[in-house]
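Enquirer: Need the 3D shape of this:
(one chain, ligands or ions: 1)
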Amino acid sequence: MKTTRTTCPYCGVGCGVLATPQPDGSVTIAGDPDHPANFGRLCSKGSALGETLSLDGRLLHPEIADKRVTWDEALGHIAGRFTRIIAEHGPDAVAIYGSGQLLTEDYYLANKLMKGFVGTANIDTNSRLCMASSVAGHKRAFGSDTVPGNYEDLEQADLIVLVGSNLGWCHPVLYQRIAAARAQRPEMKIVLIDPRRTVTNEIADLHLPIGPDGDSALFVGLLAHLAQTGATDPAYIAAHTSGFDAALLAAEDWDIARVAAATGLAPLAISHFYDLFARTEKVVTVYSQGVNQSAAGSDKVNAIINCHLASGRIGRPGMGPFSVTGQPNAMGGREVGGLANMLAAHMDFTPEAIDRVSRFWDAPNIARKPGLKAVDLFAAMARGEIKAVWIMATNPVDSMPDADAVRAALAACPLVVVSDMNRHTDTMDLAHIRLPAAGWGEKDGTVTNSERRISRQRPFLPLPGEARPDWWIIKEVARRMGHAKAFDYETPSEIFAEHVALSAFDNDGSRDFDLSGLIDADYDTLAPVQWPIRTRPAARMFGDGRFFTPDRKARFVAIQPPPPFAPAPGGFILNTGRVRDHWHTMTRTGKAARLSAHMAEPFVEIHPDDAARLGIRRASLVRLSSRHGTALVRALVTDRQQRGQLFAPMHWTDQFASNGRIDALVPGKTDPVSGQPALKMAQVHAEPA
Ligand code: SF4
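Expert: Below is the predicted model of the structure:
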């Protein structure tokens, strides 16, 4: 029995997996002991991958208007309709909405088709919901979307600050690595900054139950504290940064009393955290969706980065700001430019980059300006401006904020194409054209994890029915739209080679994303490797104090913390997120009985005092409502939750529970810099059902 070395398709930890098909049709799954992300570890989701591979519910043939058709008919129909709509209404009347589940090769082709050949940047992705604020924060501070550190830094740090991150459930193998390091070095300190007392609190020395959107105030106050206590690094600031004085001026008035008022934290706890940070050299600040999914997400990111720049704690072992991505290939999507505001290979829409990419692709119709970000894209669809959309490997009817409005926009859109594995998802049910896409175990390509490490996903199962890889589907549509020469690929390795070449094209070292060291690499045997790779891989960035801004200095950003977010009168603030054993809208994890057993139903965490006040009994049904929608969920009464706040998971869909779609309650409010929606901040009411 042959064992295949591949990568887990769930979170951004990017664990290596060994998959061994058995004679009875089952697949044995084990952690890859040689993969540098996990060294053999797997979490509950990764371990159960073999239980999610059945063909039950799979879409196995292309369909148009609910009828089975040939691939040729489906591809010809899409190419013809897209071409006519572009001719009639212009390129901005069409869009692609992709996913961090796509492999880099799929993403690269979708981006090339839209931005180089259709002539629109209307290609965005569910990664907009995940880490767009980190991208914006990185670019403002570093001049590039670069994650400075790596997982080893978490083991080498003396202080780990976890902000808005339930690592124990959402990045479990990183949590395991930290717990193991801490067992070996008990002097390591861990601070958890989270409104909820989550499972991650079990390894925390200090939990700061911060008020909603209080993070900017906390880190602005920390910057002021570092300056006042002499814990900044003036030599580093002078040599390698700019904008410190303005950032400090904005922070000056944020003493501990003001921070306490803005965050709801006890002054003593704030002092304790500030003192720990100030006196510990090796600090890593890990942040995730609690930071990113906010109307002030980019400012939160920069408030964190400011503290690391001010103390010179970046680019060295055991220190640095560290954004951990939610999805398996959110990073790969960023690398190819699979966001509406990026062009390709980490390049923006500058005149030089447009010229460079246009020459490289020999593109007849290069996009010259950013396109619509996810929330704006579906709003434009609702207004009738987007007349054709192709959705790949994602389920926006459930995962987008204001999800009922997204459903209505798709229902009214003249052409909805969906490529996915499953015949029924809440989004697939609205498709005019359904395309059967290959899934994990069948696909062949690469993904990049949170520490910039590129790993191979390799197939070990045959393609079922007429399912095809996404890259194949995209190139066949592109060829039928008249771009046969530019989309003449036979294998994903050819696409990867072009992606590598573009990263190196006209790159004198002034661009961070550079894979030139992989130009002659063997794709089939490619071992996990961190970029940039000019000659040899760089495990850590910015060690030389040089950034990717024009003057090679990092930028401080002056941050004005927002006023505290308040609930609606008589209502609650709803925080949404994940549970341990489900992934996104459960299209894969919902197939594994033991994963579904962990949390069987959609639920809401509510504080006992709030439950008693409203007459909500333990395990009774609760109706949640907002201006945007309603949901019916089970009450989980717990003092892990603060009074006046609720938590509900985002996973359940109409396929799994009637009226359990939590993102229907959340408004489409976004961060003005990143366009990332504030998925953790909805004003809702709760009542017994
Ligand atoms: Fe997969 Fe993430 Fe679990 Fe690793 S930690 S096995 S990548 S879900």
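Enquirer: Find the residue at the geometric middle of the protein.
Expert: In the chain, the centroid-proximal residue (Cα atoms, centre = their mean) is residue 130; its distance is 3.2 Å.
Enquirer: With adjacent residues omitted, what lies nearest to it?
Expert: Excluding the flanking residues, the one nearest residue 130 by Cβ to Cβ, 6 or more residues apart in numbering is residue 326, at 4.3 Å. (Glycine included, C-beta is placed from N, CA and C.)
Enquirer: so who does whatever residue of the stretch 401-550 of the chain ends up closest to the ligand touch?
Expert: Residue of the stretch 401-550 of the chain nearest the ligand, by Cβ to the nearest ligand atom: residue 449 (7.6 Å). The contact partners of residue 449, taken as Cβ atoms under 8 Å, 6 or more residues apart in numbering, are 12-14, 37, 325, 328, 331, 455.
Enquirer: quick one: pLDDT of it?
Expert: On pLDDT, residue 449 comes in at 97.
Enquirer: so what's it closest to, chain neighbours aside?
Expert: residue 14 (2.6 Å).
Enquirer: quick one on the thing from earlier: verify the stated contact: the residue nearest to the centre of the chain with residue 327.
Expert: Yes. Assessed by Cβ atoms under 8 Å, residue 130 is found in contact with residue 327 at 5.6 Å.
Enquirer: Just the buried residues of the longest helix belonging to the chain, please?
Expert: For the chain, the helix with the greatest residue count under DSSP state H is helix 71-89. The neighbour-count check on helix 71-89 (16 or more other Cβ atoms under 10 Å) flags 71, 74-75, 77-79, 81-82, 85-86 as buried.
Enquirer: List just the nearest of these to residue 20.
Expert: Proximity of the buried residues of helix 71-89 to residue 20 (Cβ to Cβ) peaks at residue 71, which lies at 31.2 Å.
Enquirer: Surely the closest one is in contact with residue 466?
Expert: Yes. Under the criterion of Cβ under 8 Å, residue 71 makes contact with residue 466 at 6.4 Å.
Enquirer: re earlier: quick one: average pLDDT of the longest helix of the chain?
Expert: For helix 71-89, mean pLDDT rounds to 98.
Enquirer: Quick one: list the elements packing against it.
Expert: Here helix 71-89 touches strand 63-64, strand 94-98, strand 388-392, strand 415-420, strand 433-436, helix 470-480, going by 3 or more Cβ pairs under 8 Å, 6 or more residues apart in numbering; DSSP states H and E.
Enquirer: ok and the fourth one relative to helix 470-480, angle-wise?
Expert: If I follow you right, that is strand 415-420. Relative orientation of strand 415-420 versus helix 470-480 (axes from the mean of the first three to the mean of the last three Cα atoms, to 10 degrees): 150 degrees.
Enquirer: Tell me the strands beside strand 415-420, with direction?
Expert: Applying DSSP bridges to the sheet, strand 415-420 is found paired with strand 388-392 (parallel), strand 433-436 (parallel).
Enquirer: how far does that strand sit from the chain's center?
Expert: Put simply, strand 415-420 sits 22 Å off its chain's centre (Cα atoms, centre = their mean, to the nearest Å).
Enquirer: Neighbours of the residue in the chain positioned nearest to the ligand, how many?
Expert: The nearest approach of the chain to the ligand comes at residue 46, 2.4 Å away (Cβ to the nearest ligand atom). The tally of other residues near residue 46 (other Cβ atoms under 10 Å) stands at 23.
Enquirer: what about it, distance to residue 654?
Expert: Applying Cβ to Cβ, to the nearest Å, the value for residue 46 to residue 654 is 27 Å.
Enquirer: so what's residue 617 up against?
Expert: 611, 635, 637, 688.
Enquirer: Mark which of the residues you listed are buried, thanks.
Expert: By neighbour count, with 16+ other Cβ under 10 Å, those hold 611, 635, 637 as buried.
Enquirer: The second one touches residue 607, doesn't it?
Expert: No. Between residue 635 and residue 607 no contact is recorded; they are 11.0 Å apart, counting by Cβ under 8 Å.
Enquirer: Alongside the ligand, which residues does the protein contribute?
Expert: Applying Cβ under 6 Å from any ligand atom, we find that the chain lies next to the ligand at 8, 10-11, 13-15, 38, 42-43, 45-46, 171-173.
Enquirer: Let's have those in TSV, adding pLDDT and secondary structure.
Expert: Listed next are the residues of the chain next to the ligand as TSV, based on pLDDT from 0 to 100; DSSP: H, G, I helix; E, B strand; the rest coil:
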residue	pLDDT	secondary structure
8	98	coil
10	96	coil
11	95	coil
13	97	coil
14	98	coil
15	98	coil
38	98	coil
42	98	coil
43	97	coil
45	97	helix
46	97	helix
171	97	coil
172	97	helix
173	98	helix
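Enquirer: export those to JSON lines and tack on distance to residue 645?
Expert: Formatted as JSON lines, the residues of the chain next to the ligand follow (distance: Cβ to Cβ, whole Å):
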{"residue": "8", "distance to residue 645": "32"}
{"residue": "10", "distance to residue 645": "27"}
{"residue": "11", "distance to residue 645": "25"}
{"residue": "13", "distance to residue 645": "28"}
{"residue": "14", "distance to residue 645": "32"}
{"residue": "15", "distance to residue 645": "32"}
{"residue": "38", "distance to residue 645": "33"}
{"residue": "42", "distance to residue 645": "32"}
{"residue": "43", "distance to residue 645": "27"}
{"residue": "45", "distance to residue 645": "26"}
{"residue": "46", "distance to residue 645": "31"}
{"residue": "171", "distance to residue 645": "23"}
{"residue": "172", "distance to residue 645": "24"}
{"residue": "173", "distance to residue 645": "29"}
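Enquirer: Make a PyMOL selection of the buried ones in the residues you listed.
Expert: Entered in PyMOL, the line below selects the buried ones among the residues of the chain next to the ligand, by 16+ other Cβ under 10 Å:
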select buried, resi 8+10+11+13+14+15+38+42+43+45+46+171+172+173
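Enquirer: what about the helices in the stretch 251-400 of the chain?
Expert: 256-263, 267-279, 289-292, 297-310, 330-336, 351-361, 374-382, 396-399 (DSSP state H, counting those that start in this stretch).
Enquirer: got any ranges where the stretch 401-550 of the chain has weak pLDDT?
Expert: Scanning the stretch 401-550 of the chain for pLDDT under 70 picks out nothing.
Enquirer: Domain ranges for this protein, per the record?
Expert: The chain resolves into domains spanning 4-52, 63-130+329-489, 132-324, 572-688 when parsed by automatic domain parsing.
Enquirer: Give me the distance between the shortest one and the centre of its chain.
Expert: The reference is to domain 4-52. Centroid separation between domain 4-52 and its chain, computed with Cα atoms, centre = their mean, is 21 Å.
Enquirer: ends of it, how far apart?
Expert: 17 Å (Cα to Cα, to the nearest Å).
Enquirer: one step back: widest-spaced pair of the contacts of residue 617?
Expert: 637 and 688 (12.2 Å).
Enquirer: what's the overlap in contacts for those two?
Expert: In contact with both residue 637 and residue 688: 616-617, using Cβ under 8 Å, 6+ apart.
Enquirer: Tell me which residues of stretch 322-334 come out buried.
Expert: Across stretch 322-334, burial judged by 16+ other Cβ under 10 Å covers 322-334.
Enquirer: Need the contact partners of the helix or strand hosting residue 177.
Expert: Here residue 177 sits within helix 172-184, counting by DSSP states H and E. Helix 172-184 is contacted from outside by 13, 15, 37-38, 41-46, 151, 154-155, 160, 167-168, 188, 190, 200, 203, 286, 324, 580, using Cβ under 8 Å, 6+ apart.
Enquirer: strand partners of the helix or strand following that helix, parallel vs antiparallel please.
Expert: Remark: after helix 172-184, the chain's next helix or strand is strand 189-193, criterion DSSP H and E. Applying DSSP bridges to the sheet, strand 189-193 is found paired with strand 159-163 (parallel), strand 206-208 (parallel).
Enquirer: No more questions from me, cheers.
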